[in-house]
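Q: let's see this in three dimensions:
(one chain, ligands or ions: 1)
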Amino acid sequence: MQICRFSTAAQVGQAAAALIAAQLLRKPDSVLGLATGSSPIPTYQELIRLYQAGVLDFSHMVSYNLDEYVGIPVDHVCSYHRFMQDNLFSHVNVRPECTHVPDGNAADLAAAAAAYDEAIRAAGGIDVQVLGIGRNGHIGFNEPADVFTWGCHVVNLTESTIEANTRFFASSADVPRQAVSLGVGAIMDARQVLLIATGSDKADAVAAAVHGDIDPHTPASILQAHHQVIFLLDEAAAAKL
Ligand code: GLP
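A: Just a heads-up that it's a prediction; the model follows:
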């Protein structure tokens, strides 16, 4: 586990984008595992800047997002499908058919989740997995639990996550109570993991993930067992290390 500290969230974004850019330059048809939330936004902005500057080409890239809410339309302003369109995909030359986000509206959610894992395997697995971290230590929507869940699965969101994500919705009652998330299996199988955390409200979760036991009650702690993981942190998120 490598820890990189930066003064500001903008620098964290530039560093994460530089690592993703290096991956895309080395292997244009990389499979990227992408995350939503506020943490990767500066990273995506920097990737867009590099694309607009003619440095990066996304036309061979394949992506699989980590998670999606259950039961909201894909074009809902808070859906993760929409987030990816607004914050990255519509600004670069990625081929729409090469981007994937879990289906939170499938008639059979469990079957769709299993098919999502299978599609990632068929694509050769994830080269670089981008992660944020929840205040409760979740990655994707792998919430604290008694066991780690390996496969893509339907999750009941915790009160803490519903409260944290209320800021994106009109009210807490509007936050979906379930989501579909990659399990820790596909994340641990990724060849490289970049975890982005900024802000003081992530300091406890980062400290528990880095220094605590590997424990499903802090899902991000499983990353201690990954062979190639970099935590990219600003001062505030790194404050309790
Ligand atoms: C959400 C997402 C996660 C994200 C986390 C942190 O619930 N499912 O993938 O990493 O919360 O979000 P933020 O970066 O906005 O703090």
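Q: surely Gly124 and Asp29 touch.
A: No: here Gly124 does not reach Asp29: they are 9.2 Å apart, not a contact under C-beta atoms under 8 Å. C-beta: built from backbone N, CA, C; applies to glycine.
Q: which residue packs closest to the residue nearest the centre of the chain, ignoring adjacent ones?
A: Closest residue to the average C-alpha location of the chain: Ala35 at 2.5 Å, with C-alpha atoms, centre = their mean. Excluding its sequence neighbours, the residue lying closest to Ala35 (C-beta to C-beta, 6 or more residues apart in numbering) is Val130, at 4.7 Å.
Q: check Pro144 too.
A: Per C-beta to C-beta, 6+ apart, closest to Pro144 is His217, 4.5 Å.
Q: what's the pLDDT at the one you found?
A: On the pLDDT scale, His217 is placed at 98.
Q: please apply the same query to Ala164.
A: For Ala164, the model assigns a pLDDT of 89.
Q: let me see the backbone angles for it.
A: According to degrees, to the nearest 10, the main-chain angles of Ala164 amount to phi -60, psi -40.
Q: strands of the chain, start to end?
A: Counting by DSSP state E, the chain has strands at residues 2-6, 31-34, 62-65, 67-69, 99-100, 128-131, 153-156, 178-181, 192-197, 229-234.
Q: mind listing what the shortest one pairs with, with the direction of each?
A: In other words, strand 99-100. strand 62-65 (parallel) (DSSP bridges).
Q: could you do the first one as well?
A: Within its sheet, strand 2-6 is paired with strand 229-234 (parallel), according to DSSP bridges.
Q: check which helices and strands the helix or strand of the chain with the lowest mean pLDDT is in contact with.
A: Least confident helix or strand, the chain: helix 159-165 with a mean of 91, by mean pLDDT, DSSP states H and E. Applying 3 or more C-beta pairs under 8 Å, 6 or more residues apart in numbering; DSSP states H and E, one finds that helix 159-165 contacts no other helix or strand.
Q: residue contacts, Met1?
A: Val210, Leu223, Gln224, His226, Val229, Ile230, Phe231 (C-beta atoms under 8 Å, 6 or more residues apart in numbering).
Q: can I get these in CSV including pLDDT?
A: Converted to CSV, those look like this (pLDDT from 0 to 100):
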residue, pLDDT
Val210, 98
Leu223, 98
Gln224, 98
His226, 98
Val229, 98
Ile230, 98
Phe231, 98
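Q: for the ligand, see how far away the closest residue in space to Ile41 that isn't next to it in sequence is.
A: The spatially closest residue to Ile41, leaving aside those adjacent along the chain, is Asn87, at 6.0 Å (C-beta to C-beta, 6+ apart). Plainly put, Asn87 is 12 Å away from the ligand if you go by C-beta to the nearest ligand atom, to the nearest Å.
Q: neighbours of Asn87, how many?
A: 19 (other C-beta atoms under 10 Å).
Q: now it: how far from Lys202?
A: 19 Å (C-beta to C-beta, to the nearest Å).
Q: how far off centre is the least confident helix or strand of the chain?
A: 17 Å (C-alpha atoms, centre = their mean, to the nearest Å).
Q: tell me if that helix is near the ligand.
A: Yes: using C-beta under 6 Å from any ligand atom, we find that helix 159-165 touches the ligand at Thr161, Asn165.
Q: so for that helix, what gets flagged as buried?
A: Across helix 159-165, burial judged by 16 or more other C-beta atoms under 10 Å covers Thr161, Ala164, Asn165.
Q: would you agree the last one is in contact with Val175?
A: In this case it means Asn165. Yes: counting by C-beta under 8 Å, Asn165 touches Val175, with 5.4 Å between them.
Q: quick check: Tyr44 touching Leu88?
A: Yes: here Tyr44 reaches Leu88: they are 4.4 Å apart, a contact under C-beta under 8 Å.
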